[in-house]
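In: here is a sequence with its predicted model. Questions after.
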Amino acid sequence: MNLRPTLLALCGALALPALAQMTPAQTNLDPAAARLEARNARADHQLTAVSPQQALANELQRCAVLPPFYKSDCEARVRGQAGTVSGSVIGGGMIRETVTTMPKEQLQTLQRNPQEMDFPKPLRQR
């Protein structure tokens, strides 16, 4: 006796509920959320690629708001001129480490009077 046709028919019968999924009109998606998603999808094609020069300028601009002591290290990291890099994107991210040697007196002064970092405000408040 050949069980293959019987087995195929049984598998097909078990798969029928999957074919009866809801159509997009029957979903429970909030209409406002659906409109927002559609608008974002339409706007997606308007995005442009950033050139390497623009990316470097953006990264250096982020360093510009830091106090001078931190700014020089930040710029060196951005340019890839200082420190070591370890890790991987797949492993959770790249870790960039820099070590700055400075005179003991300067370090003690910084520890006694830490410099305020004035970061720009986020564009959107969530």
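Out: Sure, I can see it. Residues are numbered from 1 along each chain as shown.
In: quick check, central residue of the protein?
Out: Gly93 (10.3 Å; Cα atoms, centre = their mean).
In: so who does that residue touch?
Out: The contact partners of Gly93, taken as Cβ atoms under 8 Å, 6 or more residues apart in numbering, are Gly87. All C-beta atoms are positioned from the backbone trio N, CA, C, and that covers glycine.
In: return the set of residues that bridge with it.
Out: Ser88 (DSSP bridges).
In: which pLDDT value goes with it?
Out: Listed pLDDT for Gly93 reads 84.
In: what do you get for the one 4 residues further on?
Out: Turning to Glu97, the model gives it a pLDDT of 80.
In: what's across from it in the sheet?
Out: Thr84.
In: mind listing what it touches?
Out: Contacts of Glu97 by Cβ under 8 Å, 6+ apart are 83-86.
In: ok, of these, which one's closest to Arg42?
Out: Val85 (38.2 Å; Cβ to Cβ).
In: test my guess that Ser88 contacts Met94.
Out: Yes. Here Ser88 reaches Met94: they are 7.1 Å apart, a contact under Cβ atoms under 8 Å.
In: kindly export the helix or strand encompassing Phe69 (C-alpha atoms) in CSV.
Out: Per DSSP states H and E: Phe69 is located in helix 68-79. Coordinates of the C-alpha atoms in helix 68-79 are reproduced here as CSV (Å, rounded to 0.1, in the frame of the first residue of the first chain):
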residue,chain,number,x,y,z
PRO,A,68,39.0,70.8,24.5
PHE,A,69,40.6,67.9,26.4
TYR,A,70,37.9,65.4,25.2
LYS,A,71,37.6,67.0,21.8
SER,A,72,41.1,66.1,20.7
ASP,A,73,40.6,62.4,21.7
CYS,A,74,37.2,62.3,19.9
GLU,A,75,38.7,63.7,16.7
ALA,A,76,41.6,61.2,16.8
ARG,A,77,39.1,58.4,17.2
VAL,A,78,36.9,59.6,14.4
ARG,A,79,39.9,59.8,12.1
